[in-house]
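Chemist: sequence and predicted structure, then a few things I'm wondering about:
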Amino acid sequence: MTKSSGTIGDGGSRPEGRGAAGTEPRNAQESSWETVIGLEIHAQLATRSKIFSGASTAYGAPPNAQASLIDLGFPGVLPVLNREVVRMAVRFGLAIGARIARQSVFARKNYFYPDLPKGYQISQYELPIVAQGALDVVLDDGSIKRVGITRAHLEEDAGKSLHEGLGAFTGIDLNRAGTPLIEIVSEPDMRSAKEAVAYMKKVHTLVRYLEICDGNMQEGSFRCDANVSVRPRGSDKFGTRAEIKNINSFRFVEKAIQYEVARQIELIESGGKVVQETRLYDPDKGETRSMRTKEEANDYRYFPDPDLLPLALDDAFIEEVRKDLPELPDEKAARFATQYGLSAYDAGVLTASRELADYYEEVARAVPREPKLAANWVMGELAAALNKENLDVGSEKMPAARLAGLIARIADQTISGKIAKEVFEAMWAGGDSADAIIESKGLRQITDTGAIERAIEEVMAKNPGQLADYRAGKDKLFGFFVGQVMKATQGKANPAQLNELLKKKLSG
Amino acid sequence: MNSLTQLAAGLRAKQFSSVELVRAYLERIEASQPRLNAFISVTAAQALEAAAAADRDIAAGRGGPLAGVPIGHKDLFCTAGVRTTCGSRMLENFVSPYDATVVAKLKAAGAVTLGKLNMDEFAMGSSNETSHFGPVRNPWNTDFVPGGSSGGSAAAVAARLVPAATATDTGGSIRQPAALCGITGVKPTYGRVSRYGMIAFASSLDQGGVLATSAEDAALILREMAGFDPNDSTSVDAPVPDYVAALDTPLAGVRIGLIKEFLDEGLDRENESRIREALAVLERLGATLREVSLPNLPLSVPAYYVVAPAECSSNLARYDGVRFGHRCKDPRDLQDLYRRSRGEGFGAEVKRRIMTGTYVLSAGYYDAYYLKAQRVRQLINADFKRAFEEVDVLVGPTSPTAAFRIGAKTADPITMYLNDIYTIGANLAGLPALSAPCGFVGGLPVGLQIVGPHFAEARILNVAHRYQLETDWHRKLPERFA
């Protein structure tokens, strides 16, 4: 099992600034063209059973082992709505400040496909359960962008067609058929690939906070379609859009949009016209390809599903869900900033996932005077170590209490920050506590003035030439003496004390 | 022949065994099959086994209310291990892995299934001529249709091949064949009987019910069939009253409304006379009669032929040759698989309705057809609601005429569709309605239709039962099957 998206820096809205993915093509930013993007995010709801049947939603079972007669669309079967799915959708709606429909309607989206067993998908069309919400997204420059969410509706997933190893045949796996999805449709509010990614990450963070989706993008639990168009800067009319289907990583979203924007601009500038169509992103080639044009598009013949009554929700139910809402990412970040004196950026990073925020808080509570030091260690050494080994923040390798034990030793000056890094590495490798390592390796910082003075005097005696030069005005040699003393004390001398004493001694 | 109520009592009193009874009925079925074609599958071996088990239960004093009573199922109720064809080539070899809720409930009550009854393909038809397994013939005159779509169920009950049978009614498919075969047929309130395992034609209209020789027998079966089913989101979670206990309630003061719009130019005048004679009987029993107008009711046929095909076009999309049902030989590609599997598997009437339904749901036509039809539906619903503020039950003819000759209406679908002109309203409004025999026109039976407010099954059965205590139309038997 590889890391899920709980890893630091993967689920939040912090500025990118990492490698090529962070660079917008020049023509999109500086040319006379403006990019317009809207996302349709499909998040798989983390229920144990399917949206309309009792079959399990667990990932990875042998093909068709988790397809009930209802998922198979057998003659005579009927759907029964999973109540938990409704609760999760309402949770999401409340978290984005949306309107929760007191009555929503399931509709049939009709089309033929072998992995769509009934010949229709049960979805919501005219009356979705959630409408008119918004999310605030922090952009690279620290500014906040509000992205409107037109609607979020419930629907069932289709199955999968399998082509590999079957020769001329196509296999059908209906394990995924009937898996509950919430489709989150944004307004066309985003103006660059990076904004789109920032928004998508924000939604990703939120659904995981709400514990309504595991956010696992490799398994397809969280994926999106991107509607992309360009228009002359300053125009208030939208250009013709292309819809890029089924993108399942943040990086691919960014690359697919960048490619598509460049393609559309180039097309228009060379006298062509963008056609409304559905396109596929090919991550191997880094390009989008036409799948079908508007003319070839299905007429889905939506109509209310007569097998399901309109979904009626009363205020009491909605209030019950509201009471059960956790502290949301924005609220938590604001609290972290004030309660722990963190910068908005740090607070944002630390609240990017609920697990990370909980971890940080556990550390911060254990070293109540050092919330900033705790933040630096969590975002610095810990994050680097976890990322290196593809581990989650909840990893057994470094429980919060153990990291707090290390920070406490820095705080009480038992060790210096530099020694602390060495201790951290030993803790990471061996799983011992900071105290045990400090003891066994004799890393306790020297704070005894007499001992430090003795070390200084020895170093001065061994380096008469340098001492003379220093005293003749070569101030730069101060660093040399610091280094020599540290070397003599195996780095254990308290740096502040050393500075002070050394200055005094050297000046004679 | 004895009624189902008498048979159930006789079995409990051990006057005869279920095995004896089942053997007797199986013989009648076998003898009738070449003339009537009422059955698609006869499950003799399973029936005898179930009968023996029922006899053991009765002997041990633990039999259900229908212990050992033989019945038949319309061939769209799924039966585990026994093929369920829906009257279609598409499902000619389909064996369901599960029992429909109705089948399971009747089984639990002790009923013994003799087989699966012929029907119009996917319940689409009013004459049982669209069945892939050939037309069913009317026991009163085998040159005539039995009505449809539950034609096999109706003919079988009329010819006493089974004491009672399950059936379904989407636009009149229980009541119209009941009328044309001279028996009693009840379509309950929408949501009263579970649709789980009942192969869908038009989900918002389909309702399972019963065909029997009397209201009394129908009440006994319906009591066992009805009730909430957690597997059907449209089934209603309300207690099932004891329909049998309510049968004898006197009719004094019951307000009966004759639907004015049903006495139109399409109604056979002799048929109208039979209805008026029946109403005179009810008045004699103390009911008060008045004419009631439901002005929007004449719109029910066009509204129905938009809504029902729309739902059918979607419901029948699952028959694609991929997982079950007919699959064409050697498909070249996916399109070919779809086209030929469906083209070969479905008959002409089913295709006509799938095409109509696809058309009315298409972009640009949805508002003009589907939405408008739904609005008409609301108007009809409101008409009924108003009427039931003034009367307790509504009555009228079940069908415009008695049975017609086989082949007489197959050339013109519209003429065929108009057979349901008096029955469709109750489906659109989801109301309980029944048809009870009320005499003959030209030697063929006709029926009196009784419609009640939602969940008033007990009331309409009560009215029919009191009427049947005064008349013997329901006891008449087709000569050749006496």
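Modeler: Done, it's in.
Chemist: gap between the two ends of stretch A:181-201?
Modeler: Chord length of stretch A:181-201, first to last residue, is 18 Å (C-alpha to C-alpha, to the nearest Å).
Chemist: and A:Tyr199, what does it touch?
Modeler: Each residue near A:Tyr199 by C-beta atoms under 8 Å, 6 or more residues apart in numbering or on different chains is listed here: A:Leu39, A:Leu135, A:Val137, A:Lys145, A:Val147, A:Ser186, A:Met190. In this view, the C-beta of every residue, glycine as well, is placed from N, C-alpha and C.
Chemist: how about residue 176, what does it touch?
Modeler: Using chain A here. A:Asp157, A:Ala158, A:Gly159, A:Lys160, A:Gly220.
Chemist: you answered for a different chain; I wanted chain B.
Modeler: B:Gln176 sits in contact with B:Ser126, B:Gly147, B:Gly148, B:Thr398, B:Ser399, B:Asn419, B:Asp420, B:Thr423, B:Ser435, where contact means C-beta under 8 Å, 6+ apart.
Chemist: so which of those residues are in strands?
Modeler: Among the contacts of B:Gln176, the members falling in strands (DSSP state E) are B:Ser435.
Chemist: quick revisit: most surrounded residue in the contacts of A:Arg176?
Modeler: Using other C-beta atoms under 10 Å in any protein chain shown as the neighbour test, the contacts of A:Arg176 are led by A:Gly159, with 23 neighbours.
Chemist: how much space separates that one from chain B?
Modeler: Separation of A:Gly159 from chain B (C-beta to the nearest C-beta, to the nearest Å): 10 Å.
Chemist: and for A:Asp324?
Modeler: Using C-beta to the nearest C-beta, one gets 25 Å for the distance from A:Asp324 to chain B.
Chemist: what pLDDT does that residue get?
Modeler: According to the prediction, A:Asp324 has pLDDT 96.
Chemist: what residues are up against it?
Modeler: Residues near A:Asp324 by C-beta under 8 Å, 6+ apart: A:Arg91.
Chemist: which parts of chain A sit against chain B?
Modeler: Residues of chain A that fall close to chain B, judged by C-beta under 8 Å from any C-beta of the partner chain: A:69, A:72-81, A:108, A:110, A:112, A:114, A:117-120, A:170, A:172, A:299, A:301-303, A:306-309.
Chemist: hmm, try it at 7 Å
Modeler: Taking C-beta under 7 Å from any C-beta of the partner chain as the criterion, the neighbours of chain B within chain A are A:69, A:72-76, A:78-81, A:108, A:110, A:112, A:114, A:117-120, A:172, A:299, A:301, A:303, A:306-309.
Chemist: lowest average confidence, helix or strand, in the chain?
Modeler: Defaulting to chain A. helix A:26-30 (a mean of 50; mean pLDDT, DSSP states H and E).
Chemist: please refer instead to chain B.
Modeler: Result, chain B / mean pLDDT, DSSP H and E: helix B:413-417, a mean of 87.
Chemist: off-centre distance for it?
Modeler: On the basis of C-alpha atoms, centre = their mean, to the nearest Å, the separation between the geometric centre of helix B:413-417 and that of its chain is 19 Å.
Chemist: not counting its own residues, what contacts it?
Modeler: Contacts with helix B:413-417, where a contact means C-beta atoms under 7 Å, 6 or more residues apart in numbering or on different chains, come from B:Ser126, B:Ser127, B:Val301, B:Tyr305, B:Arg352, B:Lys409.
Chemist: from chain B, how far out is the residue nearest to A:Glu219 when sequence neighbours are not counted?
Modeler: Spatial nearest neighbour of A:Glu219, excluding adjacent residues (C-beta to C-beta, 6 or more residues apart in numbering or on different chains): A:Tyr59 at 5.2 Å. To chain B, A:Tyr59 is 22 Å away according to C-beta to the nearest C-beta.
Chemist: element containing B:Asp237, please.
Modeler: Per DSSP states H and E: B:Asp237 is located in neither a helix nor a strand.
Chemist: what sits against the closest residue to it other than its chain neighbours?
Modeler: In space, B:Asp237 comes closest to B:Phe228 once its chain neighbours are excluded; the distance is 4.2 Å by C-beta to C-beta, 6+ apart. By C-beta under 7 Å, 6+ apart, the contact set of B:Phe228 is B:Ser235, B:Val236, B:Asp237.
Chemist: who touches whatever residue of the stretch 351-500 of chain A ends up closest to chain B in this structure?
Modeler: Closest to chain B within the stretch 351-500 of chain A is A:Arg354: 34.3 Å, counting by C-beta to the nearest C-beta. For A:Arg354, the contacting residues are A:Arg208, A:Tyr209, by C-beta under 7 Å, 6+ apart.
Chemist: same thing with the one 5 residues further on?
Modeler: With contact taken as C-beta under 7 Å, 6+ apart, A:Tyr359 is in contact with A:Val378, A:Val393, A:Ala400.
Chemist: one more time with 6 Å
Modeler: With contact taken as C-beta atoms under 6 Å, 6 or more residues apart in numbering or on different chains, A:Tyr359 is in contact with A:Val393, A:Ala400.
Chemist: next one: whatever helix or strand it lives in to chain centre, how far?
Modeler: Following DSSP H and E, the helix or strand that holds A:Tyr359 is helix A:354-366. Centroid displacement of helix A:354-366 relative to its chain, using C-alpha atoms, centre = their mean, is 17 Å.
Chemist: before we move on, back to that, for the contacts of A:Arg176, which one is nearest chain B?
Modeler: Among the contacts of A:Arg176, and counting by C-beta to the nearest C-beta, the member closest to chain B is A:Gly159, at 10.5 Å.
Chemist: my guess is the closest one contacts A:Thr179. True?
Modeler: No. A:Gly159 is not in contact with A:Thr179 according to C-beta atoms under 6 Å; the separation is 9.4 Å.
Chemist: may I ask which of the contacts of B:Phe228 has the most neighbours?
Modeler: B:Ser235 (21 neighbours).
Chemist: my guess is that one meets B:Asp229, correct?
Modeler: Yes. Look at B:Ser235 against B:Asp229 with C-beta under 6 Å: they come within range, at 4.6 Å.
Chemist: okay, and the common contacts of those two?
Modeler: B:Ser194.
Chemist: what about the strands in chain B?
Modeler: B:39-42, B:70-74, B:112-117, B:164-168, B:184-187, B:208-212, B:255-259, B:288-292, B:393-397, B:433-441, B:444-451.
Chemist: give me every residue in the stretch 101-250 of chain B that's in contact range of chain A.
Modeler: B:Tyr196, B:Gly197, B:Met198, B:Ile199, B:Ser203, B:Ser204, B:Asp232, B:Ser233 (C-beta under 6 Å from any C-beta of the partner chain).
Chemist: got the contact list for the second one?
Modeler: The reference is to B:Gly197. A:Gly76, B:Cys78, B:Ala100, B:Thr101.
Chemist: against B:Cys312, how distant is it?
Modeler: 18 Å (C-beta to C-beta, to the nearest Å).
Chemist: what is the burial count for the closest residue to chain B within chain A?
Modeler: Closest residue of chain A to chain B, C-beta to the nearest C-beta: A:Gly119 (2.4 Å). The tally of other residues near A:Gly119 (other C-beta under 10 Å) stands at 21.
Chemist: how about it, nearest residue that isn't a chain neighbour?
Modeler: B:Ala317 (2.4 Å).
Chemist: for stretch B:67-85, measure first residue to last.
Modeler: 27 Å.
Chemist: for it, buried residues please.
Modeler: B:67-79, B:82-85 (16 or more other C-beta atoms under 10 Å in any protein chain shown).
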